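Trainee: The amino acid sequence is not available; the structure is as follows:
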């Protein structure tokens, strides 16, 4: 089973949300249907970035690192989000 670390961007406030899951499609649907308390008032979201991992522990470690970055995700990760 694969695990994903993902970054969503709210089209309402242009802010990012970082999470991890083993079912990315289902998780995105939950975010956009308002079933995730942390994001229900910031809908809708678009997926702007994802990474795959072989274990939940690896995904959780990466999620924690990404959440620890203060601003400038694109610059610090050297990626460009296609929006």
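Mentor: Ah, there it is. Predicted model, so just to flag it, every value in this text is computed and none were measured.
Trainee: close enough to count as contact, residue 58 and residue 20?
Mentor: No. Look at residue 58 against residue 20 with Cβ atoms under 8 Å: they stay out of range, at 9.4 Å. Backbone N, C-alpha and C define where each C-beta goes, glycine included.
Trainee: ok, these two, which is more surrounded?
Mentor: More crowded of residue 58 and residue 20, by other Cβ atoms under 10 Å: residue 20, with 22 against 15.
Trainee: Am I right that that one sits in a strand?
Mentor: Yes. Residue state for residue 20 (DSSP: H, G, I helix; E, B strand; the rest coil) corresponds to a strand.
Trainee: residues touching the closest residue to residue 15 other than its chain neighbours, list them.
Mentor: Among residues not flanking residue 15 along the chain, residue 42 sits closest, at 6.8 Å (Cβ to Cβ, 6 or more residues apart in numbering). Residue 42 makes contact with 10, 12, 13, 15, 17, according to Cβ atoms under 8 Å, 6 or more residues apart in numbering.
Trainee: To what extent is the second one buried, counted in neighbours?
Mentor: Residue 12 is flanked by 11 other residues according to other Cβ under 10 Å.
Trainee: how close does it sit to residue 59?
Mentor: For residue 12, the distance to residue 59 equals 26 Å [Cβ to Cβ, to the nearest Å].
Trainee: Partner strands of the helix or strand harbouring residue 17, with direction?
Mentor: Applying DSSP states H and E as the criterion places residue 17 in strand 16-21. Neighbouring strands of strand 16-21 in its sheet, by DSSP bridges, are strand 3-10 (antiparallel).
Trainee: Pick out the residue closest to the middle of this structure.
Mentor: residue 7 (2.5 Å; Cα atoms, centre = their mean).
Trainee: thought that one was touching residue 66?
Mentor: Yes. Under the criterion of Cβ under 8 Å, residue 7 makes contact with residue 66 at 7.3 Å.
Trainee: Between those two, which contacts overlap?
Mentor: By Cβ under 8 Å, 6+ apart, the residues touching both residue 7 and residue 66 are 18, 73.
Trainee: follow-up on the earlier one: who's in contact with the residue nearest to the centre of the chain?
Mentor: Shown in contact with residue 7 (Cβ under 8 Å, 6+ apart): 16, 17, 18, 47, 48, 49, 50, 66, 73, 81.
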